[in-house]
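Engineer: Build the 3D model from these lines:
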Amino acid sequence: MGQIDIKKLLEERGPTGKLESNAPEGFVLVHENTLEDLKDFEIWKKWKNNQLTVKEMNNKHFDKN
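Structural biologist: Residues are numbered from 1 along each chain as shown. This next block holds a predicted model:
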């Protein structure tokens, strides 16, 4: 087995990666500001067309705190 590159793993998963195990199987934790962002039609449209993910939006809001 090879070594695990923790720095690379954190960069790929983002800061919310450590919270993923807190949600039950099949559920996703969503930052309340991410929900507010989705009220904006342009952001919602990007999400709907797979141009933006909830994980990306969550990471953006997590970085602000």
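Engineer: Where does pLDDT dip in the chain?
Structural biologist: Across the chain, residues meeting the criterion (pLDDT under 70) sit at 1, 6, 9-21, 63-65.
Engineer: Helices along that one, start to end?
Structural biologist: With helices called from DSSP state H, the chain shows them at 6-13, 32-37, 41-48, 54-64.
Engineer: closest to A23 out of those?
Structural biologist: Closest approach to A23 among the helices of the chain is made by helix 54-64 (11.4 Å; CB to CB). For glycine as for every other residue, the C-beta is placed from the backbone atoms N, C-alpha and C.
Engineer: Show me the residue at the heart of the chain, geometrically.
Structural biologist: The residue lying closest to the centre of the chain (CA atoms, centre = their mean) is K55, at 1.6 Å.
Engineer: Next, count neighbours for E32.
Structural biologist: 8 (other CB atoms under 10 Å).
Engineer: Tabulate the helices of the chain (a markdown table), appending distance to A23.
Structural biologist: Output for these, formatted as a markdown table (distance: least, CB to CB, whole Å):
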| stretch | distance to A23 |
| --- | --- |
| helix 6-13 | 14 |
| helix 32-37 | 14 |
| helix 41-48 | 18 |
| helix 54-64 | 11 |
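Engineer: residue contacts, A23?
Structural biologist: Shown in contact with A23 (CB atoms under 8 Å, 6 or more residues apart in numbering): L29.
Engineer: Hmm, I typed the wrong one, I wanted T53.
Structural biologist: Per CB under 8 Å, 6+ apart, neighbours of T53: W47.
Engineer: how close does it get to Q3?
Structural biologist: 28 Å (CB to CB, to the nearest Å).
Engineer: E36 now?
Structural biologist: 40 Å.
Engineer: Looking at the two, which has the bigger crowd around it?
Structural biologist: E36 (11 against 5).
Engineer: tell me the contacts of H61?
Structural biologist: Counted by CB under 8 Å, 6+ apart, H61 has contacts 31, 33-34.
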